[in-house]
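[1] take this sequence and fold it.
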Amino acid sequence: MVWGCIGWNGVGVLSEVEGRMDAEQYVAILEQGLLQSMKESGISECDIIFQQDNDPKHTSRRAQRWFEEQGINLLDWPAQFPDLNILGITSRDVSAYESAPTGVHQLWERAVEQWGKIDEEQCQKWIESMPRRIEAVIKAKGGHTKY
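    Residues are numbered from 1 along each chain as shown. This next block holds a predicted model:
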């Protein structure tokens, strides 16, 4: 599994998740991936509204404290609201090669390659789609949507 973030200016750093992610690993990934992504894109902490779902590692005291210490605002997310993950590298993307990956290292290289193909325009489309996505989920009362 990988973790990545996007902003108006494009994709951020892609981070590898080792094993099953817990609150400590999540905060470590935020320290590296999110802060580096913000620095590289020129986004300051006061200009960001970070969206995450209500996974226990996201809502942990450790993670909440980290966001407060960084001065990063979080988008309010209702308790039973589904994850509206707007992007991702799917297994289809990394397996769209003529041969299967020879190991985890080649799989990582393919994920990085596919991540790099996501351009600024696509990120902006995803971000602009969030109000429609949220509206569709509310209209479906938390049920399935076309998204």
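[2] all helices of this structure, in order?
    Ranges of helices in the chain, per DSSP state H, are 23-29, 35-41, 56-59, 61-70, 91-94, 104-116, 120-139.
[3] so which of those comes closest to residue 7?
    The closest of the helices of the chain to residue 7 is helix 35-41. By C-beta to C-beta, the value is 5.1 Å. To be clear about C-beta, it is placed using only N, CA and C from the backbone, and glycine gets the same treatment.
[4] touching the closest one from outside, list them.
    Applying C-beta atoms under 8 Å, 6 or more residues apart in numbering, the external contacts of helix 35-41 come out as 5, 7, 8, 9, 10, 12, 13, 44, 45, 48, 70.
[5] check the gap between residue 120 and residue 44 for me.
    Noted for residue 120: a distance of 19 Å to residue 44, by C-beta to C-beta, to the nearest Å.
[6] neighbour count winner among these two?
    The neighbour comparison of residue 120 against residue 44 (other C-beta atoms under 10 Å) goes to residue 120, with 13 against 10.
[7] can you pull the contacts of the more buried one?
    By C-beta under 8 Å, 6+ apart, the contact set of residue 120 is 8, 9, 10.
[8] count the residues that sit near the second one.
    Under the neighbour criterion other C-beta under 10 Å, residue 9 is assigned a count of 14.
[9] so who does the closest residue in space to residue 137 that isn't next to it in sequence touch?
    Nearest non-adjacent residue to residue 137, counting by C-beta to C-beta, 6 or more residues apart in numbering: residue 145, 5.7 Å away. Neighbour list for residue 145: 133, 136, 137, 139 [criterion: C-beta under 8 Å, 6+ apart].
[10] out of the helices and strands in the protein, which is least certain?
    helix 91-94 (a mean of 69; mean pLDDT, DSSP states H and E).
[11] if we can go back for a sec, which of the contacts of residue 120 lies closest to residue 113?
    Proximity of these to residue 113 (C-beta to C-beta) peaks at residue 10, which lies at 15.3 Å.
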